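Chemist: need a 3D model of the sequence below.
(2 chains)
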Amino acid sequence: MKKEQFDVCVIGSGAAGGVMARALCEGGAKVIMLEAGKEVPGNEFRSHVWPYNLRYRGLRGENDPPLYPGDVSKTVRYEDCDSVGVDRIRCLGGRTLHWNAVTLRYASRDFRERSLNGVEEDWPLTYNALAPYYDRIEEMIGVCGNDDGLDIVPSGKQYLPPLPWRCSEHILHRATRRMNIPLISVRKAVATKACNNRPPCHYCGHCMNGCDVGAIFTTPNGMLPQARATGNFTLRQNALAREILVDREGLARGVSFVNTETKQEEEVSASIVAVCCGTVESARLLLNSRSPQHPNGLANSSGVVGRYLHGHLGSGAHIYLDELTGLPPFNQDGATDHVYIPRYNHLFGKKDYAGGWGIQVNFSGYMFPNQARYLPGYGATYKSRVRAMQTGYLMLGAFGKVEARPENHIAVDPHQVDEYGIPIPVVHFRFSDNDFALWRDNNESIMEICSNLKGQAFPGFGRAPGGFSSHEVGTVRMGKDPRTSVLNDYCQARDVNNLFVTDGGCFTTSSEKNPTLTIMALSLRAAEYIKHKRKMREL
Amino acid sequence: MERRMVLKILGISAITPQLHSLAMAAKCHQQLVELAQLTAQAPDYRLQFFTPDEDELVDQLAELIIPADDHSPGARAAKVSLFADLLLATGDEQARQQWRNGLRLIRQEAMQTSIPAALAKAAANEADPKTEIDHFFARLKEMTVLGYYTSSIGIHQDLDYRGNSYLTSFPGCTHPEHQR
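Modeler: Predicted structure coming up:
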């Protein structure tokens, strides 16, 4: 292993790493993938287990598959932070193992925050440059939905059959029509019919507990098999990257990693390194990769690595529709979200804040009666009311844009290390005035939707915004200005031309839309660029 | 459930290609049920935290919160007090002290009146809890709700939940009146 020279080392096997590995292997490169975690097969998912068959009824995570091993959840610190959390998953496939799979393209305007709103910066590429990669990724992973003809959530031309709308969603549509706001079938990477060797969905509503049959796209079911089929792919699991190694010129030459099973230090040599560890871990790895050539961390002459951390804030409500209350129980599980409310606040005149929100619908499950917690009282009448309301459930969950600001950042602490001696990431994050203004308007708008529905509504937005809904981005951002960015539009580090970072860390700014599809499109574009440069012998 | 049972319920033949995901799902389900039954709350559960008196009081209070009715059994049949005992025994010390103290306050109040009256007094400020007994009502109710609606009685007999299943297609809304 030490002697073998690979063309590319891909660090991380999530949404970004999976695309990089497959595209680079299919392009003829010899790729080694390092994944800190290990494979968790479908039969270790406990999605279908009834709560009463679990020791603590699932309240202590007993029904979760082992996606967060060892000390990974504890080895992050929050300092000077508002109410935010970052994901700490560590397994083959990363968050694709339990994502909800909502796949939305960024709109043209989402790449041009500075030009349009005078805030943040423009991305160094446009929607048009990314559109062909969105097309190809959607085809590779299988996305259900429609070509809705909406600028705010651009469409491809070929989608799998959309998910049928529930009763509550048709009733919601009455309210959205009255308010002149859009409601469309959701776009989601779920096989509504068998595709790409994956079986169709069986509508059990457990998408976010992990799809035990693989109807939801994951890296292990949708990218790694194709990478393996080329004969160019090597996978090392239980391989936690410690540091990216550089040569005398400061170019990447390989990766030093810990074999977490044997605790041995190992090294892999590669001509190109693609960092796909996820926003927090990618920044952490670069900051921990110090050398005389890169005293502030790899590719960090700008001081920007780790900065501009942001993600999504949340709002929402649980509503119990009168029209559906008291019905005989019926199976509403489906595939979590079936519909989506795209951003609409930009259609109603200028706001005193930049950005917007999109609203996902019905992704929190139909088994547990949340209304039992919201309804006052107790006794026979209370119990009957809880039961009657169960069929009327409608859940709205909004994701709002958060500003990218340099003060918000990931640092590393050399005095606090994980069990392998690697300095842990430290999160520093505060919401801005813009974020607060957006959040307040988001909440008001949720209440307006509720007031257009006949039913009992329970708002779910608390007293202050919270983030990041597992959508953290921005810590190794691409940009036009070398003073405020680390990467160019091909996710290539300016300081180290054989280093690429293609996960959410590379985002210049965040839209209100879920980031994963854009992560994958950017990764595919970066992989194609690498393939082209290798052919020209420039990399 | 067994593969054949799944087939029978869904009335589809073994040749259907869609069966692949159903068979895999059923197999996973069967393995997990077998695994889970090793860890399920045993019928011979022994109290780990509550004294027998405390357990009886919690049982009574939970049954007042979610009583048996014509439709389904209540919190007593669902053994909510044993679930509470397990959670508290394996949880943190602060929660245990809050419960021990809260039950003592309820019993004190009940000596003047009755247990149902004591519970009603604890629940009187549910919207804006101020005193220790107010806060204890919130804890009692939360525990009863969690214990009941994660139990087989709560899920299947009371709510008659039809999900967590395997469908070859999702029917969606078939009611024209919802779509107008």
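Chemist: and residue A:121, how far is that from chain B?
Modeler: 43 Å (CB to the nearest CB, to the nearest Å). The way it works is simple: take the backbone N, C-alpha and C, and place the C-beta from them, glycine included.
Chemist: no wait, residue A:495
Modeler: 47 Å.
Chemist: that residue: how many residues sit nearby?
Modeler: 18 (other CB atoms under 10 Å in any protein chain shown).
Chemist: give the contact list for the closest residue to residue A:21 other than its chain neighbours.
Modeler: Leaving aside its chain neighbours, residue A:21 sits nearest to residue A:227 (4.6 Å; criterion: CB to CB, 6 or more residues apart in numbering or on different chains). By CB atoms under 8 Å, 6 or more residues apart in numbering or on different chains, the contact set of residue A:227 is A:21-22, A:25-26, A:31, A:33, A:233.
Chemist: from those, which two are the most distant?
Modeler: Spanning the widest gap among those are A:26 and A:33, at 14.1 Å by CB to CB.
Chemist: any idea which residue of chain B lies closest to chain A?
Modeler: residue B:172 (2.6 Å; CB to the nearest CB).
Chemist: residue B:77 contacts residue B:66, doesn't it?
Modeler: No - using CB atoms under 8 Å, residue B:77 makes no contact with residue B:66, being 10.0 Å away.
Chemist: who has more neighbours, those two?
Modeler: Just comparing residue B:77 and residue B:66: by other CB under 10 Å the higher neighbour count belongs to residue B:66, 30 against 15.
Chemist: wait, the more buried one sits on residue A:375?
Modeler: No - the pair residue B:66 / residue A:375 is not scored as a contact, 11.9 Å apart, by CB under 8 Å.
Chemist: now the common contact residues for these two.
Modeler: residue A:382.
Chemist: so which bits of the helix or strand hosting the residue nearest to residue A:21 are buried?
Modeler: In the assignment (DSSP states H and E), residue A:227 maps to helix A:224-229. Buried positions in helix A:224-229, judged by neighbour count with 16 or more other CB atoms under 10 Å in any protein chain shown: A:224, A:226-227.
Chemist: residue ranges for the helices of the stretch 401-539 of chain A, please.
Modeler: Listed in chain order, the helices found in the stretch 401-539 of chain A under DSSP state H, counting those that start in this stretch are A:433-451, A:516-535.
Chemist: burial-wise, tell me which of the ones you listed comes out on top.
Modeler: Comparing the helices of the stretch 401-539 of chain A by mean neighbour count (mean count of other CB atoms under 10 Å in any protein chain shown), helix A:516-535 comes out on top with a mean of 23.
Chemist: dump that helix to PDB, restricted to CA.
Modeler: Coordinates of the C-alpha atoms in helix A:516-535 are reproduced here as PDB (Å, rounded to 0.1, in the frame of the first residue of the first chain):
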ATOM      1  CA  THR A 516     -26.900  17.900  -1.800                       C
ATOM      2  CA  LEU A 517     -27.800  17.900  -5.500                       C
ATOM      3  CA  THR A 518     -25.600  21.000  -6.000                       C
ATOM      4  CA  ILE A 519     -22.800  19.300  -4.100                       C
ATOM      5  CA  MET A 520     -23.000  16.400  -6.500                       C
ATOM      6  CA  ALA A 521     -23.200  18.600  -9.600                       C
ATOM      7  CA  LEU A 522     -20.200  20.600  -8.500                       C
ATOM      8  CA  SER A 523     -18.300  17.400  -7.800                       C
ATOM      9  CA  LEU A 524     -19.100  16.000 -11.200                       C
ATOM     10  CA  ARG A 525     -17.900  19.200 -12.900                       C
ATOM     11  CA  ALA A 526     -14.700  19.100 -10.800                       C
ATOM     12  CA  ALA A 527     -14.100  15.500 -11.800                       C
ATOM     13  CA  GLU A 528     -14.600  16.300 -15.500                       C
ATOM     14  CA  TYR A 529     -12.100  19.200 -15.100                       C
ATOM     15  CA  ILE A 530      -9.600  16.800 -13.500                       C
ATOM     16  CA  LYS A 531     -10.000  14.300 -16.200                       C
ATOM     17  CA  HIS A 532      -9.400  16.900 -18.900                       C
ATOM     18  CA  LYS A 533      -6.400  18.300 -17.100                       C
ATOM     19  CA  ARG A 534      -4.900  14.800 -16.600                       C
ATOM     20  CA  LYS A 535      -5.400  14.200 -20.300                       C
END
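Chemist: same for that helix, what does it pack against?
Modeler: Counting contacts by 3 or more CB pairs under 8 Å, 6 or more residues apart in numbering or on different chains; DSSP states H and E, helix A:516-535 is packed against helix A:15-26, helix A:127-141, strand A:265-275.
Chemist: ok, then the element right after the helix holding residue A:227?
Modeler: Assigned by DSSP H and E, the successor of helix A:224-229 is strand A:233-236.
Chemist: host element of the residue nearest the centre of chain B?
Modeler: Note on chain B: the residue nearest the mean C-alpha position is residue B:148, at 2.5 Å, using CA atoms, centre = their mean. Per DSSP H and E: residue B:148 is located in helix B:132-149.
Chemist: and that helix, is it in reach of chain A?
Modeler: Yes - applying CB under 8 Å from any CB of the partner chain, one finds helix B:132-149 touching chain A at B:141-142, B:145-147, B:149.
Chemist: same thing with stretch B:91-103?
Modeler: No - using CB under 8 Å from any CB, we find that stretch B:91-103 stays clear of chain A, coming within 9.3 Å at best.
Chemist: end to end, how far does stretch A:68-75 reach?
Modeler: End-to-end distance of stretch A:68-75 (CA to CA, to the nearest Å): 11 Å.
Chemist: could you do stretch A:79-97 as well?
Modeler: Termini of stretch A:79-97 sit 29 Å apart (CA to CA).
Chemist: now it: how far from the chain's centre is it?
Modeler: 10 Å (CA atoms, centre = their mean, to the nearest Å).
Chemist: if we can go back for a sec, okay if I get the buried residues of helix A:224-229 as CSV plus distance to residue B:43 and pLDDT?
Modeler: What follows is these, written out as CSV (distance: CB to CB, whole Å; pLDDT from 0 to 100):
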residue, distance to residue B:43, pLDDT
A:224, 45, 98
A:226, 50, 98
A:227, 50, 98
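Chemist: from those residues, which is closest to residue A:94?
Modeler: Nearest member of those to residue A:94, counting by CB to CB, is residue A:224, at 11.9 Å.
Chemist: residue contacts, that closest one?
Modeler: A:13, A:18, A:21-22, A:92, A:233, A:235.
Chemist: ok, those residues vs chain B, which is closest?
Modeler: residue A:92 (18.0 Å).
Chemist: tally of neighbours for the spatially closest residue to that closest one that is not a sequence neighbour?
Modeler: Closest residue to residue A:92 apart from its sequence neighbours, by CB to CB, 6+ apart: residue A:39 at 4.2 Å. Residues contacting residue A:39 under the criterion other CB under 10 Å number 16.
Chemist: repeat that for residue A:61.
Modeler: Residue A:61: 11 neighbours (other CB under 10 Å).
Chemist: ok, now the one 10 residues further on?
Modeler: Other residues within reach of residue A:71 by the criterion other CB under 10 Å amount to 12.
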